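A.B. asks: need a structure here:
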Amino acid sequence: MVFKDYVELLSKEFGVEIETTGDACAFSLGSGDGENVEILMQGIEDKGTLLTCADLCEPPLEGRERLFQTLLEANDLYGDTAGAMLSLNPRTGRVRLQRYDDMDVLSQLGPARALTVFADTAAAWKRLIADFRDAPSKESDDMSKPFDAMMV
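C.D. replies: Here you go, the predicted model:
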């Protein structure tokens, strides 16, 4: 499947027009808790792969080491990221959630469902990072298991 066809399928499922610019598009999607998540999707045509990204936030200065440890632990077997990966964008210094998927597989599973799970996961991590920002730094805090795994 090519990116443009995938976005058309996604547009039909959501009932809205999603405009593409070449092999990419950006839009806002509401998560299950009502928080809007900015989504960037890019098609990698030669591999039939879709890259989906969400910019989460700038990491807080206080407690960064603990936060980064939590992000790395969440990436372990993708247990707390619903199959996505948390990273620090080297260009912006912001935390992002990203995921690579085969477009043919996603089109069979239902693109809207997969994207909704991604947006819900991004919103959950945005809240968790905000909690790091607001929480006092204590070694006794167990923030390493922020929520149960959300898998598609």
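
A.B. asks: strands of this protein, residue ranges please.
C.D. replies: 24-30, 36-44, 49-57, 85-88, 95-102 (DSSP state E).

A.B. asks: the longest helix in this protein is where?
C.D. replies: helix 111-134 (DSSP state H).

A.B. asks: need the contact partners of stretch 28-48.
C.D. replies: 1-4, 6-7, 23-27, 49-55, 100, 102-104, 115-116, 118-120, 122-123, 126-127 (CB atoms under 8 Å, 6 or more residues apart in numbering). Placement of C-beta: from N, CA and C, glycine included.

A.B. asks: now which of these would you call buried?
C.D. replies: 1, 3, 6-7, 23, 25, 27, 49-50, 52-55, 103, 115-116, 118-120, 122-123, 126 (16 or more other CB atoms under 10 Å).

A.B. asks: shaky segments in the protein?
C.D. replies: Scanning the chain for pLDDT under 70 picks out the ranges 78, 134-152.

A.B. asks: what's the longest helix of the chain packed up against?
C.D. replies: The contact analysis (3 or more CB pairs under 8 Å, 6 or more residues apart in numbering; DSSP states H and E) places helix 111-134 against helix 3-14, strand 24-30, strand 36-44, strand 49-57, helix 64-75, strand 95-102.

A.B. asks: so can I have JSON lines of the ones you listed showing distance to Leu86?
C.D. replies: Shown next, in JSON lines, are those (distance: least, CB to CB, whole Å):
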{"stretch": "helix 3-14", "distance to Leu86": "23"}
{"stretch": "strand 24-30", "distance to Leu86": "18"}
{"stretch": "strand 36-44", "distance to Leu86": "14"}
{"stretch": "strand 49-57", "distance to Leu86": "8"}
{"stretch": "helix 64-75", "distance to Leu86": "4"}
{"stretch": "strand 95-102", "distance to Leu86": "6"}
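
A.B. asks: out of the ones you listed, nearest to Leu109?
C.D. replies: strand 95-102 (9.1 Å; CB to CB).

A.B. asks: show me what Ser87 is bridged to.
C.D. replies: Ser87 forms beta bridges with Arg96, as assigned by DSSP bridges.

A.B. asks: out of the helices and strands packed on helix 111-134, which gets nearest to Pro111?
C.D. replies: Here helix 3-14 is closest among these (CB to CB), at 4.3 Å.
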